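The following comprises the amino acid sequence and a computationally predicted model.
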Amino acid sequence: MPTVSVGRDKLFKALGATYTDEAFDELCFEFGIELDEITTEGTMMRKEKGEKGNAEKAAQEEEEVLYKIDVPANRYDLLCLEGLALALNVFRQKQAFPSLKVTTPSDKDILRMTVEEPTQAVRPFVVCAVLRGMTFTADSYASFIDLQEKLHQNICRRRTLVAIGTHDLDTLTPPFTYTARPPADIKFKPLNQTQEFTGPELMAHYRADNHLKHFLHIIENEPRYPVIVDAKGVVLSLPPIINGDHSKITLASKNVFFECTATDLHKANVVLNTMVTMFGGYSATPFTVEAVHVTPPASAKLPARNYPDLSSRVQVADVALIRSRIGLSEEQLPADDIAQLLTRMCLPAELSADKASVTVRVPPTRSDILHECDIMEDVAIGYGFNRIPYTVPQTNTVAQQLPVNALTDQLRDNLALAGFTECLNFALCSRDENFAYLRHQDDGTRATHIANPKTQEFQVVRTSLVPGVLKTMACNKGMPLPLKVFEVSDVVLKSETSDTGAANQRMLCAIVAGRTSQFEVVHGLLDRVMLLLQVPLLAEQDRDSGVDAASGRKGYWLRPSDNPTFFPGRQADVMYGGRVLSVGTLGVVHPEVLGNFNVDKPCALLEMNVQPFV
């Protein structure tokens with residue numbers, strides 16, 4: 001969940017009330033958010049530096065108290081003090097939800113943005129708006145910048161989907177053009193710089209910037225960079241990297257021009273609506289936004305239209321269904337109360353004449369409302385989760401553990417009794433760790449890849465437990481030898497028969513590190529596991545049938561293998577029920593693999609599929 005830091009005194013001023021910390025914590029709980037921490041800015045900085053005496057220094061310097069509040073990830077309207085105060089005031093019934101208006105100037109006076117064809121190959125969409133007569137203070141300006149950063153990290157997905165640009169309109173000459181140019185043809189002075197840069201120079205300059213270097217990859221390798229210019233050719237911004245210094249916002253700025261460039265038009269609209277509604281209260285006519293006409297190129301197959309669209313969306317919910325899903329009777333939750341509770345949650349609502357349904361006007365600030373169930377959730381929050389009575393479900397079922405989980409628990413207990421320590425690793429790993437580090441090739445048929453990985457460490461869902469246990473060994477080099485570690489968990493493999501295109505598979509992996517290879521230890525562990533599973537070792541004459549002649553049970557045997565992860569000649573496949581099904585591999589780990597994972601001791605490893613034995 002995102003965390004919003006707001007000054008306690010500023011928030012109380014906006015709320016028009018003062019609370020004790022305990023009372024405000026209770027208010028947050030009632031509204032469905034959480035007061036995570038009470039601190040000061042200086043205290044947080046000192047903690048980062050590891051300094052002592054935080055409380056004493058804070059008292060001496062009379063630092064402002066900060067509330068760190070956890071808000072739902074999809075409530076973009078709560079990511080700043082302005083939105084948080086508005087929502088809590090409406091919830092407390094201290095004010096009504098404001099009427100949001102869009103004014104459209106005449107065709108002669110309306111601001112225009114023309115989108116040119118080259119942008120379609122790199123960042124195709126742009127939406128715009130204007131707030132006039134703004135009055136900034138130091139605090140509201142800081143909140144204005146902070147909301148942009150939070151949106152960039154959240155819904156904008158670190159600017160890959162949407163990038164926000166804000167400009168002092170009085171420094172610019174409309175109309176505006178959104179185009180894409182070769183990097184060498186772009187030259188302007190970036191925000192807070194003293195000299196002009198071309199596109200390549202700008203990329204080189206910001207590679208050393210701890211903040212902006214993380215966004216350069218979005219357009220750095222493109223043949224053309226997106227750029228917004230005014231009628232005089234003045235560069236407003238080079239999205240999604242940096243705005244121009246010419247039109248930067250200051251405390252004296254009165255008329256603010258917003259532009260959001262994007263690869264996702266829907267999210268661009270959500271971001272633009274959030275920005276203008278959260279800070280529309282500071283304009284000369286509160287919560288009134290001026291439209292901008294955007295003309296896309298013909299290839300976009302989109303109509304020319306005005307932005308923003310602040311119209312409410314109508315959603316109808318069934319009253320009886322709301323009650324049943326929350327678990328309340330008609331006496332506990334009358335229909336009239338439902339409409340009132342929704343209105344307190346910033347969702348203006350009206351009952352139908354027969355009180356069988358409720359019509360909700362979803363404002364543009366509540367982009368999280370997607371379905372009738374979202375309305376039910378807000379009714380439950382407004383009613384109060386603590387007031388909902390505990391009830392026994394009206395179903396007659398008998399709970400039972402899944403067989404694969406029951407077997408997993410038994411294996412864990414017995415592996416621990418054998419002297420192994422259990423580890424739990426991430427289900428995601430890097431592509432190299434899953435393939436190249438194990439001396440395997442990624443042929444694209446096994447691993448499920450993450451479409452937009454946040455880091456290089458989490459690119460694919462693991463297809464083997466081996467990378468995880470090897471990383472565990474690397475992180476525990478100082479432990480006494482022999483070091484014995486195991487993990488029993490799921491891997492994910494692509495599957496054409498699964499509805500999702502992938503399927504989980506329960507695996508067991510055990511590794512031993514010592515001064516020698518320890519192959520006999522994992523071999524003995526395999527025999528112990530098979531004994532517990534009541535799977536006999538097959539004699540040579542029984543391996544074709546896969547059934548032990550004496551017991552009549554399916555059995556196992558070892559067959560030489562050539563898995564590149566293991567040392568040649570010191571490895572074997574674990575065969576189960578004949579000469580076809582291999583359920584695992586054991587052997588001495590190849591020195592190159594150990595080096596890839598920074599393990600400095602010889603290791604032997606067993607990995608096997610548990611599910612055939614369920």
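Arrived safely. Numbers count the residues shown, from 1 in each chain.

Following the chain onward from the least confident helix or strand in the chain by mean pLDDT, which element is next?
Sorting the helices and strands of the chain by mean pLDDT, DSSP states H and E puts helix 54-61 at the bottom, at a mean of 49. Sequence-wise, the next helix or strand downstream of helix 54-61 (DSSP states H and E) is strand 65-70.

Just list what that following strand packs against, helices and strands only.
strand 3-7, helix 8-15, strand 34-40 (3 or more CB pairs under 8 Å, 6 or more residues apart in numbering; DSSP states H and E). Heads up, the C-betas are built off the backbone N, CA and C, glycines and all.

With mean neighbour count, distance to Gln195 and mean pLDDT as added columns, please give the ones you listed in a markdown table.
Compiled in a markdown table, the helices and strands packed on strand 65-70 are given as follows (neighbours: other CB atoms under 10 Å; distance: least, CB to CB, whole Å; pLDDT from 0 to 100):
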| stretch | mean neighbour count | distance to Gln195 | mean pLDDT |
| --- | --- | --- | --- |
| strand 3-7 | 18 | 34 | 92 |
| helix 8-15 | 16 | 37 | 95 |
| strand 34-40 | 17 | 38 | 91 |
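
Tell me which of these sits nearest to Pro98.
For Pro98, the closest of the helices and strands packed on strand 65-70 is helix 8-15, at 13.9 Å, according to CB to CB.

now for that closest one, which elements pack on it?
strand 65-70, helix 81-91.

Which residues does the longest one contact?
Residues from elsewhere that reach helix 81-91 (CB atoms under 8 Å, 6 or more residues apart in numbering): 4, 6-7, 10-11, 14-16, 27, 30-31, 69, 71, 77-78, 95-98, 140, 143, 274, 278-279, 281, 343-346, 365, 382.

Please enumerate the strands of the stretch 351-500 of the chain.
357-362, 421-422, 428-429, 448-449, 460-461, 483-494 (DSSP state E, counting those that start in this stretch).

quick one: the last one to chain centroid distance?
In this view, strand 483-494 has its centroid 25 Å away from the chain centroid, taken as CA atoms, centre = their mean, to the nearest Å.

Quick one: name whatever helix or strand follows that strand.
strand 502-513.

rewinding a little: give me whichever of the helices and strands packed on helix 8-15 is most buried.
Of all those, helix 81-91 has the most neighbours on average by mean count of other CB atoms under 10 Å, namely a mean of 22.

So for that one, mean pLDDT?
Throughout helix 81-91, pLDDT has a mean value of 96.

same check, this time on stretch 372-388
Per-residue pLDDT over stretch 372-388 has a mean of 93.

Centre of the chain to it, how far?
25 Å.

any idea how far Asp109 is from Ile228?
Noted for Ile228: a distance of 20 Å to Asp109, by CB to CB, to the nearest Å.

ok, now Tyr225?
Tyr225 is 31 Å from Asp109, by CB to CB.

the more surrounded of these two?
Tyr225 (25 against 9; other CB atoms under 10 Å).

I'd guessed that one sits against Tyr178; true?
No - applying CB atoms under 8 Å, one finds Tyr225 not in contact with Tyr178, separated by 11.9 Å.

can you pull the buried residues of stretch 342-350?
Across stretch 342-350, burial judged by 16 or more other CB atoms under 10 Å covers 342-349.

try stretch 169-186
Residues of stretch 169-186 classed as buried by neighbour count (16+ other CB under 10 Å): 169, 171-172, 176-181, 183, 186.

Pick out the most distant pair among those residues.
For the buried residues of stretch 169-186, the maximum inter-member distance is 27.4 Å, found between Leu169 and Pro183 (CB to CB).

For the buried residues of stretch 342-350, give me TSV that also has distance to Thr463, pLDDT and secondary structure.
As requested, the buried residues of stretch 342-350 are exported to TSV (distance: CB to CB, whole Å; pLDDT from 0 to 100; DSSP: H, G, I helix; E, B strand; the rest coil):
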residue	distance to Thr463	pLDDT	secondary structure
Leu342	47	96	helix
Thr343	51	95	helix
Arg344	49	95	helix
Met345	44	95	coil
Cys346	45	95	coil
Leu347	45	95	coil
Pro348	50	95	coil
Ala349	49	95	strand
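
from memory Asp544 sits against Arg579, does it?
Yes - with contact defined as CB under 8 Å, Asp544 reaches Arg579; the gap is 6.5 Å.

Skip the chain neighbours and tell me the closest residue to Lys150.
What sits nearest to Lys150 in space, not counting adjacent residues and going by CB to CB, 6 or more residues apart in numbering, is Leu79, at 4.5 Å.

which ones are touching the residue most central in space within the chain?
Nearest residue to the geometric centre of the chain (CA atoms, centre = their mean): Asn154, 7.2 Å. Counting by CB under 8 Å, 6+ apart, Asn154 touches 2, 73, 76, 79.

Mind giving me the PyMOL select for those, buried ones only?
Buried residues among those (16+ other CB under 10 Å), as a PyMOL selection:
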select buried, resi 2+76+79
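
Please identify which pair of the contacts of Asn154 lies farthest apart.
Greatest spatial distance in the contacts of Asn154: Ala73 and Leu79, 10.0 Å, computed using CB to CB.

shared neighbours of these two, anything?
Here Ala73 and Leu79 have 2, 154 as joint contacts, going by CB under 8 Å, 6+ apart.

which residues of the stretch 201-350 of the chain fall in strands?
Counting by DSSP E, counting those that start in this stretch, the strands of the stretch 201-350 of the chain are 225-229, 235-238, 242-243, 256-262, 288-295, 305-307, 313-318, 349-351.

can you redo those as CSV with distance to Glu457?
Formatted as CSV, the strands of the stretch 201-350 of the chain follow (distance: least, CB to CB, whole Å):
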stretch, distance to Glu457
strand 225-229, 29
strand 235-238, 30
strand 242-243, 28
strand 256-262, 28
strand 288-295, 39
strand 305-307, 38
strand 313-318, 39
strand 349-351, 45
